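Participant: I would like to see how this sequence folds:
(one chain, ligands or ions: 1)
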Amino acid sequence: MRVLLSTTAAMFALAACTTTEAAAPALATAAATPAPAPAPVASAPAAAPAPNTQPFARVVDLGSGISMLIGAGGNLGLSVGDDGVFLIDDQFVTNAEANLAKIEQLAKGKPKYLINTHWHFDHAGGNETFGKGGAMIFASDNVRKRLTGEVKSESRGAPQVPAAKVALPVVTFVEGIDFHLNGQTIRAIRAPMPAHTDGDTFVYFVEADVLHTGDLYMKDRYPFVDTGSGGTQAGFIAGVEKLLTVAGANTKIIPGHGELATKADLQAALDMHKGARAAVDAQVKAGKTLEQTVAAKPLAQWTPRFGGSAGSDDSYVTVIYNELKK
Ligand SMILES: [Zn+2]
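Facilitator: Residues are numbered from 1 along each chain as shown. Got it, this is the predicted structure:
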């Protein structure tokens, strides 16, 4: 049973944050045969992708003992110093052992503190392995509720898998929490309202001026609004506005996915979010149906920069339209 659950979780994980919502039917039907042919989605992984077992591929040194670790899945943030190893996110269940081994080698120790920016399997999937390795896990209250299954996540056709006890955050917070480690004030700040999920947190290293956004921001991509986990498009506008109050001109920004970013990149994302909402709102006010609105391609001016995967503009239009019609 446990293996089966893990496999299902891993399959879901492979696309949790990086593909469009339209990929969900393909993932959902992958485990159940026979199934109707899923709608073609250019960015969707193969029906039964091999689980990712590789550790992060690259280490970007941001100074002050802080690094950005990049590989498949969400970007990790690492702080190493006299007080121990502090880690932001832990990617998948399937590559957790490999990630832990590589971090231990890099940091000369295992993470003592681990914070989840949100519950998704490509960010918090390694919790069990890291918890067993001795990490104390921190997250917002809603992340714990999603991981225990107390609050189900209903999107994407995938059931929420209750996590093992050792994988659960032992310290939860509502608005935020500060760590005082490795010469840094590390400020974990809850997003002002549900955006990517209902439990989003971003993390700011005050002295080093490094900001890990979680999936409140993915570099040059349309966002994934996980409405089945309470996410909202309005929350992205509020969330990125909040990020912009923290980020300065020289802040090194670790996005949830993608390469290192700047405040100017964040500002471009905010302009896109606001512009997209206004463009879809104009269609709603003109009495257009969802189908007509999607067909009108109201996000065309932003898609060259933010439409990394085919159909991601249509998915974003759909989310905004449905939210505005509520
Ligand atoms: Zn995510």
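
Participant: how much space between the closest residue to the ion within the stretch 51-200 of the chain and Ile253?
Facilitator: Residue of the stretch 51-200 of the chain nearest the ion, by CB to the ion: His120 (3.5 Å). Where C-beta positions appear, they are placed from N, C-alpha and C, glycine not excepted. Separation of His120 from Ile253 (CB to CB, to the nearest Å): 19 Å.

Participant: which one of these two has more residues nearby?
Facilitator: Under the criterion of other CB atoms under 10 Å, the comparison of His120 against Ile253 puts His120 first, with 29 against 25.

Participant: My read is that that one contacts Thr197, right?
Facilitator: Yes - taking contacts as CB atoms under 8 Å, His120 lies within contact range of Thr197: 7.1 Å.

Participant: Identify the contacts common to the two.
Facilitator: Common contact partners of His120 and Thr197 (CB atoms under 8 Å, 6 or more residues apart in numbering): Asp215, Asp226, Ser229.

Participant: top of the residues you listed by neighbour count?
Facilitator: Asp215 (32 neighbours).

Participant: What sits closest to it if chain neighbours are left out?
Facilitator: Among residues not flanking Asp215 along the chain, Gly256 sits closest, at 3.6 Å (CB to CB, 6 or more residues apart in numbering).

Participant: From Phe205, how far off is that neighbour?
Facilitator: Gly256 is 16 Å from Phe205, by CB to CB.

Participant: Check Gly308 too.
Facilitator: From Gly308 to Phe205 the distance is 27 Å (CB to CB).

Participant: what about these two, which has more around it?
Facilitator: Phe205 (29 against 18).

Participant: which sections of the stretch 151-300 of the chain are below the confidence cut-off?
Facilitator: 155-161 (pLDDT under 70).

Participant: contacting residues for the residue of it found nearest the ion?
Facilitator: As assessed by CB to the ion, the ion sits closest to Asp215 within the stretch 151-300 of the chain, at 3.8 Å. Residues near Asp215 by CB under 8 Å, 6+ apart: 17, 74, 117-118, 120, 123, 196-197, 200, 223-224, 256-257.

Participant: which ones among these are found in strands?
Facilitator: Of the contacts of Asp215, none are assigned to strands by DSSP state E.

Participant: Would you list the buried entries among these?
Facilitator: 17, 74, 117-118, 120, 123, 196-197, 200, 223-224, 256-257 (16 or more other CB atoms under 10 Å).
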